[in-house]
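sequence unknown, structure follows:
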């Protein structure tokens, strides 16, 4: 008997996926960082980054968008955004990470306008700094975790090049 390979079908929300894949590279280009989508899941993986920015969204849907990165990647993105060099986290870097998330979510908002997943309002970014925490995602929400690899010549470890953008949305 021969084994037959069958393609794995991952049922994801195409509107949400396209919105994230369109928004993130454009947002990171403002930081001088190239990013490409390298994975997607309906179940968020444990994210190893030390910086997680959360923005609530409201309109036809309610929920939040989380952007998770390593400390090194956050520094790299913010340095590109503001044009300064930082040795470690500062209040300006934390604010900058929130602003990068704000730009990403603004792009997602624009891409979803006119769809069933549109939202009209976003909250001010909240930034969680540190490790050893997990974000809980409510069951019943549409969850999409999109993983990007970001160009960073100084990064040795894959985690220092990986950005997770996770949407957790509930249609109202």
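All right, it came through fine. Only a predicted model underlies this, so the values are computations on that prediction, with no experimental measurement involved. Numbers count the residues shown, from 1 in each chain.

in stretch 23-36, what counts as buried?
By neighbour count on 16 or more other C-beta atoms under 10 Å, the buried set for stretch 23-36 is 23-25, 27-28, 31, 33, 35. Bear in mind the C-beta positions are built from the backbone N, C-alpha and C, glycine included.

what of stretch 137-156?
Using 16+ other C-beta under 10 Å as the test for burial, stretch 137-156 gives 137, 141-150, 152, 155.

got it, and stretch 114-122?
So stretch 114-122, judged by 16+ other C-beta under 10 Å, has buried residues 117-119, 122.

do stretch 43-52 as well
So, applying 16+ other C-beta under 10 Å, buried residues of stretch 43-52: 44, 47, 49-52.

could you give the number of residues near residue 74?
For residue 74, the tally of surrounding residues (other C-beta atoms under 10 Å) stands at 28.

would you mind measuring from it to residue 129?
Here the criterion is C-beta to C-beta, to the nearest Å. By it, residue 74 lies 9 Å from residue 129.

who touches both of the two?
The contact sets of residue 74 and residue 129 overlap at 50-51, 89 (C-beta atoms under 8 Å, 6 or more residues apart in numbering).

can I get those in CSV with secondary structure and pLDDT?
Converted to CSV, the shared contacts of residue 74 and residue 129 look like this (DSSP: H, G, I helix; E, B strand; the rest coil; pLDDT from 0 to 100):
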residue, secondary structure, pLDDT
50, coil, 94
51, strand, 96
89, coil, 94
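
tabulate those (JSON lines), appending distance to residue 62.
Formatted as JSON lines, the shared contacts of residue 74 and residue 129 follow (distance: C-beta to C-beta, whole Å):
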{"residue": "50", "distance to residue 62": "28"}
{"residue": "51", "distance to residue 62": "24"}
{"residue": "89", "distance to residue 62": "31"}
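
quick revisit: pick the one among the buried residues of stretch 23-36 closest to residue 64.
residue 23 (15.3 Å; C-beta to C-beta).

many thanks, we can stop here.
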